[in-house]
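[1] Prediction below, plus the sequence it came from.
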Amino acid sequence: MREKIIISLAGVTGLEPEKIQLEIPENEDFGDYSSNAALSTFENAKLQNPNAKWKNARDLAEEIVSKLEKDSRLKDHIDRIEVAGAGFINFWLTKSDLVRNLKDVVEQREKYGDTNLLKSKRINFEFGQPNTHKLPHIGHLFSYIYGSAMSNILEAAGGQIRRVNYQGDIGLHVAKCLWALRQASTKGGQAGLAYQKVKEGGALTDRVILLQKMYQEGSTAYDSNETTKNEINGLNKKIYEGDSEIVDLWKQTREWSIEYYKKFEERLGIKFDRYYFESEVHSHGKETVEANVDKIFKKSEGALIFEGSKYGLHDRVFVTNYGTPTYEAKDLYLEVLKYKEWPYDLLIITTAHEQNDYFNVIYRALEEVNPELRGKLHHIGFGMVNLKTGKMSSRTGEIIGAVELVNLTIDAVKKLIKEESGLSVEEKNDIAEKVGIGAIKYSFLKNNPLQDTKFDLEESIAKEGNSGPYIQYTYARTQSVRKKSKRVEEFKSINNLTKQQFNDEETAVMRKLVQFQDVIAMSAKMYSPNVLCNYLYDVAKKFNNFYDKHRILDIKSENVEERESISKFRIALTEAAGTVLKNGLNLLGIESSERM
RNA sequence: GGUCCCGUAGCUCAACGGAUAGAGCAGAGGUUUCCUAAACCUCAGAUGAAGGUUCAAUUCCUUCCGGGAUCACCA
């Protein structure tokens, strides 16, 4: 429909269709679609038609409208067109179009909302990026949640997406951890005993927590004196070289971390097409840098650097004077490897915004080395998530980790489930898991991803109004109606409903549902799932308002025929609203539950 | 200090350069013989400051004030 209006407007105004702005007004009193074409072209039009009878943008808008009203292509779809405000042109869809859309929703089911905006553009999307030998923190959780939701949205908008994770399984942080672990195991002591214990067959969680502790000890030791620093740097080099002295311990501990992360991802419902590791790209990365010394890279104080300062950026070290490649050198090959395996039109890497400048430099260096990647590299630096009440973790003594946050939230949700709900323990746990994880995902996604956000643990995210649980709850309501209605299959035969008068609440829901495709497109364009969140919240709110005021089943009316037809329509409306909510939640990576 | 980002109601956040700046939480009040009250409805409350560009500025530009990120061998 959007396209039809744009084409028609383009025809009337003589503008390029691409230049026509057609938006969904925030205020629903301004129609289903609104265009500022008259306002934006007024100055220009005045110059070209000095003798025109209109004197202001409003007059011009009136003239445009009178022409649009003659366009037969719009007749079936547009109920009325009005000029408002300074000269906006507002369009209202016909009732029959709204009902037709309802039918589309019910028929297309999980496909409803998909568009071909991106025209099969191949997008490689990297997110997650947890490091081995450490525990995931909230930033990783955000990356997982944002990255997977964003890839889903880009996919729904027609893109071909390759979801990619990249893990730091080699580097100084690993050396720090293994150095401390080896110290502990040779010198005995508590950590040594703990190591022996988990090595033999400890729980996965205990193993990775031990690694986290060892990493922290190693870090402290590294900063405390020069001798230790040199020792750890030496160990780091040995790990890179695959020295037999350390390689077994590295492999074993690495596996622990990787297994742990796989389980965590599974729990979050997040899947990847390919896992990359720093250990598989570092040597090629280093070679690439060395092969381009004096051309693109430069020797400086024993290190190999890229002079970003030549391009208004800053200089960065790619290979250290120890001869070990840095993250920079690894990235230099990683993005090429990704391209070799799956040529992409667009590469997206999302990380916390503290790495914005880093990526400016690295992309520049990449483009210098690989001209074929020019214009294809995109970085999304998301905001930092801060806990409102900087709560400490009980297990590691650090700021609370990703896994603990998930567990705490799920526990909070369990307390919300009513005793009298008649659910079994398994059902309760299942619902708490879905709702708890959904609550975190939604609270991360509902804000602009580029801005820092505060996550309030104490006030509990699960209870908030504009929240994942609210949307899930609304969906559960629709499914409850569906189960109680014996006429689910009749949804598909809603042909002769156009004669009915719709009340305000029904109309509001229908008008909202029509916008789903546009919202997905907007969300994709802006790389911002919050557009979709706000929309779903709106749909849920409109539906709840309708649900509260009107009965869907068992309508009280003397007239049997009328009763049937109203009920039939409302069941369809409920079904359509449920479908849109479910599809939307799916895109956000949130599971919907039929009961809560 | 250089570069980049942010400043909207008591708190947490919306607003593709557009119309009367929207929500949620917290606060005050109301709604259940009826499909899930984790719901619905009502009230009160805000653009850091000053200029400029524009038919139109929370949004773009300049300056100031306040906060954050980053700036060589970590990732």
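    Received, thanks.
[2] For the rest of this, base every contact and every neighbour count on C-alpha atoms.
    Noted.
[3] near RNA strand B, anything from the longest helix along chain A?
    For chain A, the longest helix by residue count, based on DSSP state H, is helix A:560-588. No: judged by CA under 7 Å from any atom of the strand, helix A:560-588 and RNA strand B are separated, with a smallest distance of 8.6 Å.
[4] what are the ranges of the strands in the stretch 1-150 of chain A?
    Taking DSSP state E, counting those that start in this stretch as the test, the strands found in the stretch 1-150 of chain A are A:22-23, A:33-35, A:78-84, A:88-93, A:122-126.
[5] now do the stretch 351-500 of chain A
    A:377-382, A:385-387, A:453-455.
[6] A:Ala432 is nearest to which of the ones you listed?
    strand A:453-455 (19.4 Å; CA to CA).
[7] If you count neighbours, what's buried in the closest one?
    For strand A:453-455, a neighbour-count test (16 or more other CA atoms under 10 Å) marks A:453, A:455 as buried.
[8] how about the CA coordinates for the helix or strand hosting A:Gly234, as CSV?
    Applying DSSP states H and E as the criterion places A:Gly234 in helix A:226-241. Provided in CSV are the C-alpha atoms of helix A:226-241 (Å, rounded to 0.1, in the frame of the first residue of the first chain):
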residue,chain,number,x,y,z
GLU,A,226,58.4,-6.5,35.9
THR,A,227,59.7,-10.0,36.4
THR,A,228,56.2,-11.5,36.4
LYS,A,229,55.2,-9.3,33.5
ASN,A,230,58.1,-10.6,31.4
GLU,A,231,57.3,-14.2,32.5
ILE,A,232,53.7,-13.9,31.4
ASN,A,233,54.6,-12.2,28.1
GLY,A,234,57.0,-15.1,27.5
LEU,A,235,54.3,-17.6,28.2
ASN,A,236,52.0,-15.7,25.9
LYS,A,237,54.5,-16.1,23.1
LYS,A,238,54.8,-19.8,23.8
ILE,A,239,51.1,-20.2,23.6
TYR,A,240,51.1,-18.5,20.2
GLU,A,241,53.9,-20.8,19.1
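[9] residues near A:Tyr33, how many?
    22 (other CA atoms under 10 Å).
[10] again but with A:Gly422, I slipped
    With other CA under 10 Å as criterion, A:Gly422 counts 9.
[11] any residues touching the helix or strand of chain A with the lowest mean pLDDT, and which ones?
    Every helix and strand in chain A was compared by mean pLDDT, DSSP states H and E; the lowest is helix A:189-201, with a mean of 75. Helix A:189-201 has contacts (CA atoms under 8 Å, 6 or more residues apart in numbering) with A:181, A:184-186, A:206-207, A:210.
[12] Name only those of those residues that count as buried.
    Of these, these count as buried by 16+ other CA under 10 Å: A:181, A:184-185, A:207, A:210.
[13] who's in contact with stretch A:548-555?
    By CA under 8 Å, 6+ apart, stretch A:548-555 touches A:481, A:485, A:563, A:567, A:570-571.
[14] Tabulate the residues you listed (a markdown table), appending pLDDT and neighbour count.
    Putting the contacts of stretch A:548-555 into a markdown table (pLDDT from 0 to 100; neighbours: other CA atoms under 10 Å) gives the following:
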| residue | pLDDT | neighbour count |
| --- | --- | --- |
| A:Val481 | 93 | 16 |
| A:Ser485 | 86 | 16 |
| A:Arg563 | 83 | 16 |
| A:Ser567 | 88 | 19 |
| A:Arg570 | 92 | 20 |
| A:Ile571 | 91 | 23 |
